[in-house]
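*Asks:* Sequence plus the predicted model coming up.
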Amino acid sequence: MSAADVAEVVARSRRFVRDVVIPAEPLTGTPLDPEARAALQRQARAAGVFAPHVPVELGGLGLPLTAWSPVFQEAGYSPIGPAVLNCMAPDEGNMLLLERLATPAQRESFLVPLAAGDVRSSFAMTEPHPGAGSDPAALATVAHRRGGRWVIDGEKRFISGAEEAAFAIVMARTPDLGERAATMFLVPMDAPGVEIGHAIRTLETAITGGHPHVRYHGVEVGEEAVLGTPGEAFRHAQLRLGPARLTHCMRWLGLARRAQDTALDRVRSRELFGHPLGELGLAQALLADSEIDLASSAALIDRAAASLVADPREGATASSLAKVHVSEAVGRVIDRAVQLCGGDGVTHELPLLGFLNEVRPFRVYDGSSETHRWAIARRAIARRRAEVEDGEAALDVAEGAR
Ligand SMILES: Cc1cc2nc3c(=O)[nH]c(=O)nc-3n(C[C@H](O)[C@H](O)[C@H](O)COP(=O)(O)OP(=O)(O)OC[C@H]3O[C@@H](n4cnc5c(N)ncnc54)[C@H](O)[C@@H]3O)c2cc1C
């Protein structure tokens, strides 16, 4: 796909989100209901902006990963834009995983309807204490082989979209395959033994279908439910997590850009102390810091996307770095916009407060800032150790002490 083709998709998405999606936004704090979503998705299909990341043969626009950022940012300019364009979490990450791992039969049953927007999905990893959270190795949900079938038992929580989903990709330990082995299973939500439990109310509304507990009571599935190689769930999860955390960055960067545009419009129209607010230095400092946050976020996303394509292992590191920066930067940008809009910023007259709620949880999910910083620092120390072991002089030794 040429740069001109990508620019055309960006322009179409921008027009569609501004002309059709933003006027249809529900009141702040109210999620988009499934019927409204379906109607808007039909309009998105007609406008040629539906499923930008999905291969053409599955009804999408077939954009390569390196071209997703500008389009996902346009979608993210509205909190409901990604759901309308069918590029919202967790479905978009699940599509990618299915595309890479699904058998032909799994593609037909799960990927085709998901890419078409006919069904929703969820990804079931996190568990109540002491199970998996920041530490996936604590995974407690277990699947045992019995008579040629798998029987899954356990409890998950924070399972985004589960209340609307047709199926979940479930991560479970499979001790029959080794002590530390885990496997991914495609489990229909209506399979006997699947129970949606306590609905967890969270700050944000853009990811519809709730984030409830889901329990698996002796849920039986056949070998055909295994996604990818049995026992390789942790390795497979990396295929999803690297790009998925980056697409969150892209979408939320779009929302931060809208907050900055709101602030820019406000400082041009608001007169204070005989000047437009935008001519007062302290206000300019807030705007400038936000421009720097937006530009550095976009650059780190592009770098990570290129890196994920060139070498998925290196890409995971780059996407981890981008995730920490962007998840924190978008919060700062929206918060500065709130400040520049004065009293209006902290009311529901403007949507900025809702935007703050949308982005805050991103510092926790897809790896908290602390988990990523921990990993980034460990990798940096290991890299430097290797350089010194390869013959570079260590720089911490003071000259006189040598
Ligand atoms: C809105 C939302 C949607 C979600 N959707 C899904 C979903 O669809 N599927 C799913 O499986 N999960 C989902 N999650 C769960 C999410 O992935 C977890 O909340 C996250 O992994 C953190 O796990 P935890 O909540 O158990 O926190 P804990 O693991 O208890 O971590 C708590 C805190 O410990 C700190 N910490 C973590 N690691 C380190 C470290 N190395 N050093 C120092 N401090 C550290 C961090 O501050 C962290 O926030 C979602 C969560 C939210 C809020």
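*Replies:* On my side now, so go ahead. Residues are numbered from 1 along each chain as shown.
*Asks:* Give the rounded mean pLDDT of the lengthiest helix in the chain.
*Replies:* Across the chain, the longest stretch assigned as helix under DSSP state H is helix 233-269. The average pLDDT within helix 233-269 is 96.
*Asks:* Pull out the buried residues from that helix.
*Replies:* Neighbour-count burial for helix 233-269 flags 233-234, 236-237, 239-260, 262-264, 266-267 (criterion: 16 or more other CB atoms under 10 Å). C-beta: built from backbone N, CA, C; applies to glycine.
*Asks:* How about the closest residue to the ligand within the stretch 101-250 of the chain, nearest residue that isn't a chain neighbour?
*Replies:* Nearest residue of the stretch 101-250 of the chain to the ligand: residue 133, at 2.2 Å (CB to the nearest ligand atom). Leaving aside its sequence neighbours, residue 133 sits nearest to residue 126 (CB to CB, 6 or more residues apart in numbering; 5.7 Å).
*Asks:* where does that neighbour land in three-state SS?
*Replies:* What DSSP: H, G, I helix; E, B strand; the rest coil gives for residue 126 is coil.
*Asks:* since we're on it, how many residues are nearby?
*Replies:* 20 (other CB atoms under 10 Å).
*Asks:* How about residue 53?
*Replies:* Using other CB under 10 Å, the number of residues around residue 53 comes to 24.
*Asks:* gap between it and residue 173?
*Replies:* Remark: distance between residue 53 and residue 173 (CB to CB, to the nearest Å) = 31 Å.
*Asks:* how far away is the residue sitting nearest the centre point of the chain from residue 215?
*Replies:* The structure's the chain has its C-alpha centroid closest to residue 248; by CA atoms, centre = their mean the separation is 3.2 Å. Distance, residue 248 to residue 215, by CB to CB: 27 Å.
*Asks:* How about the residues of the stretch 201-350 of the chain by the ligand?
*Replies:* 202, 204, 211 (CB under 6 Å from any ligand atom).
*Asks:* What subset of those is buried?
*Replies:* Buried among these (16+ other CB under 10 Å): 202, 204, 211.
*Asks:* Next up, the contacts around the last one.
*Replies:* When the contact criterion is CB atoms under 8 Å, 6 or more residues apart in numbering, the partners of residue 211 are 157, 158, 159, 160, 162, 199, 200, 202.
*Asks:* Now for those residues: which two are most distant?
*Replies:* Spatially, the most separated pair among the contacts of residue 211 is 162 and 202, at 13.0 Å (CB to CB).
*Asks:* Help me confirm that residue 355 comes into contact with residue 260.
*Replies:* No - in this structure residue 355 lies outside contact range of residue 260 using CB atoms under 8 Å: 10.7 Å.
*Asks:* what's the overlap in contacts for those two?
*Replies:* By CB under 8 Å, 6+ apart, no residue touches both residue 355 and residue 260.
*Asks:* one step back: which of the residues of the stretch 201-350 of the chain next to the ligand sits closest to residue 142?
*Replies:* Of those, the one sitting nearest to residue 142 (CB to CB) turns out to be residue 211, at 22.6 Å.
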